[in-house]
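>>> sequence unknown, structure follows:
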């Protein structure tokens, strides 16, 4: 059993917005079977949806939570596993009510960002899954494979989604210096991928 969090830590919810959508996604790099879901948001969370975009272009609704409640967070277990083939993409969307009409909203006048406190927000869609081709005891997960490829890690670090990682967005100055191969002051997707390939064990 593995756990994957499909998240968007770059969320910015405008003040007074009654139905603000925040998307997130993660690639499926090995054939997997999805077993359960647990959406996580804070007090401005309004609704949550999981979908699977398959390699053939079709899209499957996996779970729809039309009335999310921070005080009643549930794990949704499937009666039968759902196949998520290699090349698919797991999609998650959270909707937020940052308006005065939300009785749980501590301050509808401020922009809300990712943070650990209840009056901050999170957009995090947990999934439990297993990979039939993995042997018992193997430690490589879909999340780790995605990080090695660089897609998930790049999207996480590129907080303003401008297609590059700056020194301020990097986890450490030393990592940034090594990853910035051409020393132009930014790390591109290709540079991060090469860096991960050089440093993976």
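Received it, and whenever you're ready, just let me know what you need. Please read all numbers here as calculations on a predicted model, not as lab measurements.
>>> May I ask you to confirm that residue 9 is in contact with residue 115?
No - between residue 9 and residue 115 there is no contact under Cβ atoms under 8 Å: 9.4 Å. From N, CA and C alone the C-beta is placed, and that goes for glycine too.
>>> higher neighbour count, these two?
The neighbour comparison of residue 9 against residue 115 (other Cβ atoms under 10 Å) goes to residue 9, with 15 against 12.
>>> Just the element for that one, please.
Secondary structure assignment for residue 9, by DSSP states H and E: no helix or strand.
>>> Spatially nearest residue to it (excluding sequence neighbours)?
Leaving aside its sequence neighbours, residue 9 sits nearest to residue 114 (Cβ to Cβ, 6 or more residues apart in numbering; 4.5 Å).
>>> In this protein, what residue spans correspond to strands?
2-7, 12-13, 20-27, 32-40, 45-53, 59-65, 76-84, 89-96, 112-113, 124-130 (DSSP state E).
>>> which ones are touching the residue nearest to residue 166 when sequence neighbours are not counted?
Of all residues not flanking residue 166 in the chain, residue 186 sits nearest, at 5.9 Å (Cβ to Cβ, 6+ apart). Residue 186 sits next to 164-166, 180 when contact means Cβ atoms under 8 Å, 6 or more residues apart in numbering.
>>> Would you format the residues you listed as CSV with distance to residue 93 and neighbour count included?
Output for the contacts of residue 186, formatted as CSV (distance: Cβ to Cβ, whole Å; neighbours: other Cβ atoms under 10 Å):
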residue, distance to residue 93, neighbour count
164, 25, 18
165, 25, 25
166, 27, 16
180, 33, 20
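>>> domain parsing for this structure?
Here the domain assignment for the chain is 2-138, 153-199, based on automatic domain parsing.
>>> can you tell me which of those domains the model trusts least?
Among the domains of the chain, domain 153-199 carries the lowest mean pLDDT, a mean of 81.
>>> Quickly list what residue 48 is bridged to.
residue 65, residue 94 (DSSP bridges).
>>> cool, residue 82 as well?
Counting by DSSP bridges, residue 82 is bridged to residue 34.
>>> Contacts only, for residue 188.
Residue 188 neighbours (Cβ under 8 Å, 6+ apart): 163-165.
>>> just how off-centre is the longest helix seen in the chain within its chain?
For the chain, the helix with the greatest residue count under DSSP state H is helix 189-199. Relative to the centre of its chain, helix 189-199 is centred 20 Å away, using Cα atoms, centre = their mean, to the nearest Å.
>>> Quick check: beta-bridge partners of residue 127?
The partner residues for residue 127, given DSSP bridges, come to residue 4, residue 37.
>>> how about it, what does it touch?
Contacts of residue 127 (Cβ under 8 Å, 6+ apart): 3-6, 34-38, 50, 90.
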